[in-house]
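Peer 1: sequence and predicted structure below; questions after.
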Amino acid sequence: MPPAGAATAAVRVCEVSDQGQDLLAMLFPHLAGLRVHRVEDTGYAVVISASCRAQSARCLRCGQQSSQVHGGYSRLVADGAAGGRPVLIALQVRRFRCRHPECPAVTFAEQADGVTSRYCRRSVPLTQMLAGAGLQLAGRPAARLAGLLGVAVHPSTVLRLVKALPVPQVTAAPEALGIDDFALRKGHVYATVLVDMATGDVVDLLPDREAATVEAWLKAHPGATVICRDRAGAYAEAARNGAPDATQVADRWHLWHNLAEYAGKTVARHRSCLKEPSSSDDAVPPGAAEQEPANDEQEPARPDTAPGPADEPAGEGRLAARTRERYAAIHQLLQAGESQHAISRILSLSRPTVRRFAHAASADELMDGATGKESKLDPFRPYLHQRWNDGLTDATALHVELRERGFTGSVRTVRRYVAPFREAGTAPDPAPAVPKNREITRWLLSRPDHMQPDEQARLDTIRASCPHIDALAGYVASFAEMMTGRTGDRDLEAWLAAIEADDQQPDLRSFATGIRNDQQAVTNGLTLSYSSGKVEGTVNKIKMLKRQMYGRAGFGLLRTRVILHPA
């Protein structure tokens, strides 16, 4: 029946001659096994009346060939669209008697090779096309594309066809195997992807990232001689137990990324070394620096750069000394058995401040946020000094103007900053702006020939201002040379020893400690040519496939799409 609302048109019928039969077989190869009798244009669809050419058929249950016809019926099969219109194949199907005496099937229906299959109302080429579109695009986009081509299909049908696609069975792991995790629900549920490093094809997906699951897979699929992974301890344990003879290779990108994180901490720790003291810094009243916010929100603080006591580490000022004193006092009271609530009363500090100091492993951990924190006022200081000298001394009015220019801090931050100006009468020239920590870190990790001349000049100035950052730059450069030159087997041990002997680089020493825990895999990563780049690219592809399905795909459907999706 034509669909509701279809335009009524005159039915045209074309009888197919032998020459026309040859032409149809040339244009539609899957119809070569059929004898086409006529083609009918109903106005809303093209109907091809045909029958099978073969004189016999094979029973699908026992495989016995039979030519004894029992009966027949008409079967309607949807085929690919022609000219934007649906195509239907009206197939005359015969039923044959099975001649095998022990076969449970008394009769069976013939199947047109390359056209029909059991219980399917779509032709084999159309089914393959819809399944391929669903594999590439997911349900709704594939259904919309099919509609534009003249094939009406529901998105759920497309996904059902995708899930029915056969997934290759893995009997042995590839020689070079890549392992990484990806998020099914970010922050809650993670899975594992296994990739053939030679071809980039996905070998398998595992429903979690537990060491026992990966270990069981490796034992069930032997053959991996090289395993590329990140520095996660679970995958290291799984590879060690599941494939003890395989060479584990830590990914260079993750090593470089981890080095960048620790380098950023060092830059933040010594940011105060890069600030030139101004008269406004020297004029900060002691009471202003000692104020603590009354809630958990800590406002951006301007680290003091005035010289501290002689026993202070280089580059640290009054704020650093106060942080260390408070840390020692709070932990001394904790060891004496005092509660955090009691310490808050004894030291006249807010409970959030006591809690933050109590949970810190060391004073240096607190210094990362105290001395290295970038202030929201940094980009607005020149304008703020100018407006103060123009006569606008009301902190609330200054805050309104700064908000109009993009400032997101509170009025209290502005009020505390301009407090020294009221005693001095005028605002001094602001100290030169210090580049952001992330920008300095990027310069440290960039090739010198990839930097602009002004960036190189500013980095040279920073290195000259702080010996710790200068030493950091040397360590980063030597690690980069070792990584690009693949000389980890010769140079890594000396590099680690130099870091461990340098007491002025606590962050890099933590990085070196992590490498020591996985040193052989790191050495292999800095020596061999293997890398997890293909695995990381596969993880990005998985994210794209998940977005196509709006993140609601079950693990089975996602596994099928990921494995069958071309590399």
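Peer 2: Cool, got the structure.
Peer 1: list the buried residues of the one helix or strand residue 190 maps to.
Peer 2: Taking DSSP states H and E as the definition, residue 190 sits inside strand 189-196. Neighbour counts over strand 189-196 (16 or more other Cβ atoms under 10 Å) mark 191, 192, 193, 194, 195, 196 as buried. (Glycine included, C-beta is placed from N, CA and C.)
Peer 1: which one of those is nearest to residue 481?
Peer 2: Nearest to residue 481, judged by Cβ to Cβ, of the buried residues of strand 189-196 is residue 195 at 29.0 Å.
Peer 1: how many residues are close by the nearest residue to the closest one once chain neighbours are set aside?
Peer 2: Nearest residue to residue 195, sequence neighbours excluded (Cβ to Cβ, 6 or more residues apart in numbering): residue 178, at 4.0 Å. Residue 178: 29 surrounding residues under other Cβ atoms under 10 Å.
Peer 1: the one 5 residues further on too?
Peer 2: Other residues within reach of residue 183, judged by other Cβ under 10 Å, total 16.
Peer 1: ok so, going back, what's the strand holding residue 190 packed up against?
Peer 2: strand 176-185, strand 202-206, helix 211-220, helix 533-548 (3 or more Cβ pairs under 8 Å, 6 or more residues apart in numbering; DSSP states H and E).
Peer 1: what about the ones you listed, which gets the closest to residue 20?
Peer 2: helix 533-548 (42.3 Å).
Peer 1: now whatever helix or strand comes next after the closest one: how far from the chain's centre is it?
Peer 2: Once the chain leaves helix 533-548, the next helix or strand it forms, by DSSP H and E, is helix 555-564. Remark: helix 555-564 is offset 17 Å from the chain centroid, using Cα atoms, centre = their mean, to the nearest Å.
Peer 1: quick one: buried residues of helix 555-564?
Peer 2: By neighbour count with 16+ other Cβ under 10 Å, helix 555-564 contains the buried residues 557, 558, 559, 560, 561, 562, 563, 564.
Peer 1: related to what we said a few turns ago, listing partners with orientation, what would you give for the strand holding residue 190?
Peer 2: Paired neighbours of strand 189-196 in the sheet (DSSP bridges): strand 176-185 (antiparallel), strand 202-206 (antiparallel).
Peer 1: got the buried residues of strand 189-196 as JSON lines, with distance to residue 531 and pLDDT columns?
Peer 2: Output for those, formatted as JSON lines (distance: Cβ to Cβ, whole Å; pLDDT from 0 to 100):
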{"residue": "191", "distance to residue 531": "22", "pLDDT": "92"}
{"residue": "192", "distance to residue 531": "19", "pLDDT": "93"}
{"residue": "193", "distance to residue 531": "16", "pLDDT": "93"}
{"residue": "194", "distance to residue 531": "16", "pLDDT": "94"}
{"residue": "195", "distance to residue 531": "12", "pLDDT": "93"}
{"residue": "196", "distance to residue 531": "14", "pLDDT": "92"}
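Peer 1: looking at the residues you listed, spot the one nearest residue 220.
Peer 2: Closest to residue 220, out of all of the buried residues of strand 189-196 and judged by Cβ to Cβ, is residue 194, at 12.0 Å.
Peer 1: so who does that closest one touch?
Peer 2: 173, 177, 178, 179, 202, 203, 204, 205, 206, 217 (Cβ atoms under 8 Å, 6 or more residues apart in numbering).
Peer 1: run the last query once more with 6 Å
Peer 2: Applying Cβ atoms under 6 Å, 6 or more residues apart in numbering to residue 194 gives the contacts 179, 203, 204.
Peer 1: coming back round to it: could you dump the strands paired with strand 189-196 into CSV and include mean pLDDT and distance to residue 165?
Peer 2: Below are the strands paired with strand 189-196 laid out as CSV (pLDDT from 0 to 100; distance: least, Cβ to Cβ, whole Å):
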stretch, mean pLDDT, distance to residue 165
strand 176-185, 90, 21
strand 202-206, 93, 14
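Peer 1: minimum distance to residue 509: which of these has it?
Peer 2: Per Cβ to Cβ, nearest to residue 509 of the strands paired with strand 189-196: strand 176-185, 27.6 Å.
Peer 1: quick one: buried residues of the closest one?
Peer 2: Neighbour counts using 16+ other Cβ under 10 Å place 176, 177, 178, 179, 180, 181, 182, 183, 184 of strand 176-185 among the buried residues.
Peer 1: how far out from the middle of the chain is it?
Peer 2: Centre to centre, stretch against its chain (Cα atoms, centre = their mean), the figure for strand 176-185 is 10 Å.
Peer 1: related to what we said a few turns ago, of all the helices and strands packed on strand 189-196, which lies closest to residue 417?
Peer 2: Of all the helices and strands packed on strand 189-196, strand 176-185 comes closest under Cβ to Cβ, at 41.4 Å.
Peer 1: thought residue 39 was touching residue 14?
Peer 2: Yes. The criterion here is Cβ atoms under 6 Å, and residue 39 meets it with residue 14 at 4.8 Å.
Peer 1: more neighbours: which of the two?
Peer 2: residue 39 (19 against 10).
Peer 1: quick check, that one in a helix?
Peer 2: No. Counting by DSSP: H, G, I helix; E, B strand; the rest coil, residue 39 is located in no helix; its state is strand.
Peer 1: that one bridge partners, please.
Peer 2: With DSSP bridges as the criterion, residue 39 is bridged to residue 14, residue 48.
Peer 1: what's the distance between it and residue 163?
Peer 2: Noted for residue 39: a distance of 35 Å to residue 163, by Cβ to Cβ, to the nearest Å.
Peer 1: for stretch 354-363, give the mean pLDDT please.
Peer 2: Averaging the model's pLDDT scores along stretch 354-363 yields 84.
Peer 1: just stretch 81-98 next, same as before
Peer 2: Here the average pLDDT along stretch 81-98 is 88.
Peer 1: low-scoring stretches of the stretch 151-300 of the chain, by residue?
Peer 2: 275-300 (pLDDT under 70).
Peer 1: can you give me the helices for it?
Peer 2: 155-163, 211-220, 233-242, 252-269, 279-282, 286-290 (DSSP state H, counting those that start in this stretch).
Peer 1: tabulate those in JSON lines, adding columns for mean neighbour count.
Peer 2: Output for the helices of the stretch 151-300 of the chain, formatted as JSON lines (neighbours: other Cβ atoms under 10 Å):
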{"stretch": "helix 155-163", "mean neighbour count": "18"}
{"stretch": "helix 211-220", "mean neighbour count": "18"}
{"stretch": "helix 233-242", "mean neighbour count": "19"}
{"stretch": "helix 252-269", "mean neighbour count": "20"}
{"stretch": "helix 279-282", "mean neighbour count": "17"}
{"stretch": "helix 286-290", "mean neighbour count": "11"}
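Peer 1: in JSON lines: those helices, plus distance to residue 504.
Peer 2: Putting these into JSON lines (distance: least, Cβ to Cβ, whole Å) gives the following:
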{"stretch": "helix 155-163", "distance to residue 504": "58"}
{"stretch": "helix 211-220", "distance to residue 504": "37"}
{"stretch": "helix 233-242", "distance to residue 504": "29"}
{"stretch": "helix 252-269", "distance to residue 504": "9"}
{"stretch": "helix 279-282", "distance to residue 504": "25"}
{"stretch": "helix 286-290", "distance to residue 504": "26"}
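Peer 1: quick one: closest of these to residue 406.
Peer 2: Nearest of the helices of the stretch 151-300 of the chain (Cβ to Cβ): helix 279-282, 22.1 Å.
Peer 1: other residues contacting stretch 168-179?
Peer 2: The contact list for stretch 168-179 (Cβ under 6 Å, 6+ apart) reads 194-198, 203-204, 221, 223-229, 235, 532, 535.
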